[in-house]
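*Asks:* Sequence first, then the predicted structure:
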Amino acid sequence: MYPSDLAAMAAHAVISVVGGAAGTATSTFVQERLRRSDRGRAALDGLTAAPGDPEAQREVRAALAEAIDGDAEFADRLAVMLHAPVHNATGSVVISGSDVKGSQITLGPLTVNRTPAGRATLALGAALLAVLIALGAYGGVTVITDGDSDDGYAPRALSAAETKEVLPNLQSLPPGWEERNAPASQRDSPCHVGASEYVQRPHEGATTVEAEFNVAACRSVKVAADAYTEESETFKASNEATSVSFPSAADQAVALRHTNFDLDETVVTVLARQGTVVCWLGLEPVNDLEDHMAVVEELMGVCTDRAREVQTGS
């Protein structure tokens, strides 16, 4: 993802608050930054006057993308606020595990360079972790009961170490991929989180393709199902994405495609739930990737297969 995608995540926080949701530190931070420019103030005023207007929402996203692109410090702080792992304290949600040092940003299990591409990597997991914050603070809603999965095995909660085992490693991927960030995980609540990232150049002269995996190993099937449902709906709405056909043996799965109009690049994001684990794959850009949905299916299959194997001990 790129500045427009990080902006979409931030805009969603503001749109929700203007629409009547409770304010958050992120929404306050974003609104304060918008008020520092004429375009930002105009966009915020337009959204306040008509929270449900798609054009007003698009203008907020555009104003934020402009601010992110021109203000590296704002972009870094926003990425940390959106993506940082969290734990719950009495009456509050506390952000932990984040740091900005020199040329790198460290967010729990993931370390990336302080570049536009690096900030984009952080945006991929932002909405999922935001959903986990809400689930941890409010308990979520019941969408599925615990028990056997659709294919007969008994899902179970995983440890932080087992969460790392779910993440695809270089040996488990098809040939041609190179490791950018090795699998790493962190203990958290209500779900342990982990991430890994790989790159590939499909052919000479092609744009490098990035594949980022995020996993959330939750304390129950209920929490995992809530995270999956909330995140797929939130991401689709905030990025104007469309669902695409995606065969999967997982308990739940959806593939979403959207275009980064700033760079004329197409991005595919896939979410799948296998028992208590939510796998999230971001593949971008796919413009030069032949039969990219077959690649998506194969890569996500690695993550969901590993999730099932770790839960069953096979």
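*Replies:* Looks like it came in fine.

*Asks:* which residues touch stretch 173-182?
*Replies:* 110-112, 169-170, 195-200, 210-211, 298-299, 302 (C-beta atoms under 8 Å, 6 or more residues apart in numbering). C-beta coordinates here come from the backbone N, C-alpha and C atoms, glycine included.

*Asks:* Rounded mean pLDDT for that stretch, please.
*Replies:* Stretch 173-182 shows a mean pLDDT of 91.

*Asks:* That one: which residues count as buried?
*Replies:* Burial within stretch 173-182, assessed by neighbour count using 16 or more other C-beta atoms under 10 Å, is assigned to 173, 177, 180-181.

*Asks:* Residue 305: what secondary structure?
*Replies:* Secondary structure assignment for residue 305 (DSSP: H, G, I helix; E, B strand; the rest coil): helix.

*Asks:* Could you pull out the strands in the stretch 201-314 of the chain for me?
*Replies:* Using DSSP state E, counting those that start in this stretch, the strands found in the stretch 201-314 of the chain span residues 209-218, 242-244, 252-260, 265-274, 277-284.

*Asks:* For residue 33, which of those strands is the nearest?
*Replies:* Evaluated with C-beta to C-beta, these place strand 252-260 nearest to residue 33, the distance being 21.4 Å.

*Asks:* and the closest residue to residue 164 other than its chain neighbours, what element?
*Replies:* Counting by C-beta to C-beta, 6 or more residues apart in numbering, residue 185 is the residue found nearest to residue 164 once chain neighbours are left out, at 3.9 Å. Secondary structure assigned from DSSP states H and E places residue 185 in strand 178-186.

*Asks:* which neighbours does the helix or strand just after that strand have in its sheet, and in what orientation?
*Replies:* Using DSSP H and E, the next helix or strand after strand 178-186 towards the C-terminus is strand 191-200. Using DSSP bridges, strand 191-200 pairs in its sheet with strand 178-186 (antiparallel), strand 209-218 (antiparallel).

*Asks:* Pick the most deeply packed of those.
*Replies:* strand 209-218 (a mean of 26; mean count of other C-beta atoms under 10 Å).

*Asks:* relative orientation of it and strand 265-274 in degrees?
*Replies:* Strand 209-218 runs at 30 degrees relative to strand 265-274, counting by axes from the mean of the first three to the mean of the last three C-alpha atoms, to 10 degrees.

*Asks:* quick one: strand 209-218 to strand 277-284, angle?
*Replies:* 170 degrees.

*Asks:* could you give the mean pLDDT of strand 209-218?
*Replies:* Strand 209-218 shows a mean pLDDT of 90.

*Asks:* Repeat that for stretch 190-200.
*Replies:* Average pLDDT, stretch 190-200: 88.

*Asks:* again, but for stretch 228-242
*Replies:* Summarised as a single mean, pLDDT over stretch 228-242 is 73.

*Asks:* just checking, residue 248 touches residue 302?
*Replies:* No - using C-beta atoms under 8 Å, residue 248 makes no contact with residue 302, being 11.9 Å away.

*Asks:* And the helices in the stretch 101-250 of the chain, which stretches?
*Replies:* Using DSSP state H, counting those that start in this stretch, the helices of the stretch 101-250 of the chain run over 116-138, 160-166, 221-238.
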